[in-house]
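Student: Show me how the following folds:
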Amino acid sequence: MRILIVEDSEKLCQSLRKGLKGEGYAVDCLFDGESGQHRIEIHHEDYDLVILDIMLPEKDGIEVCREIRRLNINLPVLMLTAKHSTDDKITGLDSGADDYLVKPFDFKELLARIRALLRRPTSAVPPELKAGDLVLDSSTRRVYRGGKEIPLTAKEFGLLEYLMVNAGQVLQREQILSHLWDFDFDSFSNVVDVHIKNLRQKLDHGRQEQVIETIRGVGYRFKG
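Tutor: Below you'll find the model as predicted:
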C-alpha cells in the first residue's frame, strides 16, 4: 500500500516514513498544504491513504481536505493534530477526514488506524484473501498455503496482496512500482522482477503450478 504524508515537521515525517516503510508501505512526504493538495489532485489514484497534518504552511489541512472532497476525491484521510478539543476533532471530521489522531501518538496506534482505514470498502481490500489453498490475512499480515504459514518480508506481503486484490488482471511493472514504491525510486530498476522471483520461490516451493504468471513484455498476473 502507498501512503502520502503531508506534515510540516520534517523530523516527524521522516520518522513516520521509516517506520511505515519497515511495515511494508511505500511512503512519500510533503511539507506544506499547497504541495500536498497538488500531489493529491494529480496523483490520488497512486495512493491508498493520506496522513494529513492540520497545522501546515501555505494551506492548512482542513482546507486541503475540504478541497479534495469538493473534487470528489475519496482517498482515505487520517488527520493529525496537536489540538485536543472536541470542536477541533469535529471540524476535522466535518471537513471530510475519515479518522483523527492527536499528537503525540503511539506508532502502534497509528498502524492500527491505518489498517482500519484500508479495510474500509473504498480500499477494496477484504480482511482475508483466498485463492485455492493460498490464504492472505491482511489483519495479521500472515500468509498460508495448504495450512502452512509462509514467512514473507513486508514488501513481499504488500506485493502479494496487490496481486491478489487484482487477481486475473495483468499488472504492468510500472503499475506495481507506482503502488508499492515511492516517488524517489528508480523506475528502470528490476526490483519488481527480483521480488516476484523471491515471492514465487516461497509460494510455489515443492509445487509444479505457479500462482503468479509472467505476461512477457508486459508484467504479471495472479491466476487466482
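
Student: Can you give the domain ranges for the protein?
Tutor: What automatic domain parsing lists as the domains of the chain is 2-123, 128-222.

Student: How about residues contacting the least confident helix or strand in the chain by mean pLDDT?
Tutor: When each helix and strand of the chain is scored by mean pLDDT, DSSP states H and E, helix 86-94 comes last, with a mean of 76. With contact meaning CB atoms under 8 Å, 6 or more residues apart in numbering, helix 86-94 is reached by Ile54, Gly61, Ile62, Cys65, Met79, Thr81, Lys83, Tyr100. Just so you know, the C-beta spots here come from the backbone N, C-alpha and C atoms, and that holds for glycine as well.

Student: Pull out the buried residues from that helix.
Tutor: Residues Asp88, Lys89, Thr91, Gly92 are the ones in helix 86-94 that count as buried (16 or more other CB atoms under 10 Å).

Student: same deal with stretch 90-109?
Tutor: So for stretch 90-109, counting by 16+ other CB under 10 Å, buried means Thr91, Gly92, Ser95, Gly96, Ala97, Asp98, Asp99, Tyr100, Leu101.

Student: Equivalent analysis for stretch 200-218, please.
Tutor: Using 16+ other CB under 10 Å as the test for burial, stretch 200-218 gives Leu203, Val211, Ile212.

Student: Show the buried residues in the contacts of helix 86-94.
Tutor: Ile54, Gly61, Ile62, Cys65, Met79, Thr81, Tyr100.

Student: List the buried residues of stretch 23-34.
Tutor: Using 16+ other CB under 10 Å as the test for burial, stretch 23-34 gives Glu23, Gly24, Tyr25, Ala26, Val27, Asp28, Cys29, Leu30, Phe31, Asp32, Gly33.

Student: likewise stretch 46-62?
Tutor: Of all the residues in stretch 46-62, those buried under the rule 16+ other CB under 10 Å are 46-56, 59-62.

Student: Spell out the residue ranges of the strands in the chain.
Tutor: Counting by DSSP state E, the chain has these strands, from start to end: 2-6, 26-30, 49-53, 77-81, 99-102, 128-131, 134-137, 142-145, 148-149, 170-172, 212-215, 219-222.

Student: Out of those strands, which gets nearest to Val191?
Tutor: strand 26-30 (11.5 Å; CB to CB).

Student: other SSEs contacting the closest one?
Tutor: Here strand 26-30 touches strand 2-6, helix 10-22, helix 33-43, going by 3 or more CB pairs under 8 Å, 6 or more residues apart in numbering; DSSP states H and E.

Student: 7 Å instead?
Tutor: Applying 3 or more CB pairs under 7 Å, 6 or more residues apart in numbering; DSSP states H and E, we find strand 26-30 packed against strand 2-6, helix 10-22.

Student: I'd like these written out as a markdown table, with mean pLDDT and distance to Arg142 added.
Tutor: Output for the helices and strands packed on strand 26-30, formatted as a markdown table (pLDDT from 0 to 100; distance: least, CB to CB, whole Å):
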| stretch | mean pLDDT | distance to Arg142 |
| --- | --- | --- |
| strand 2-6 | 95 | 21 |
| helix 10-22 | 94 | 17 |
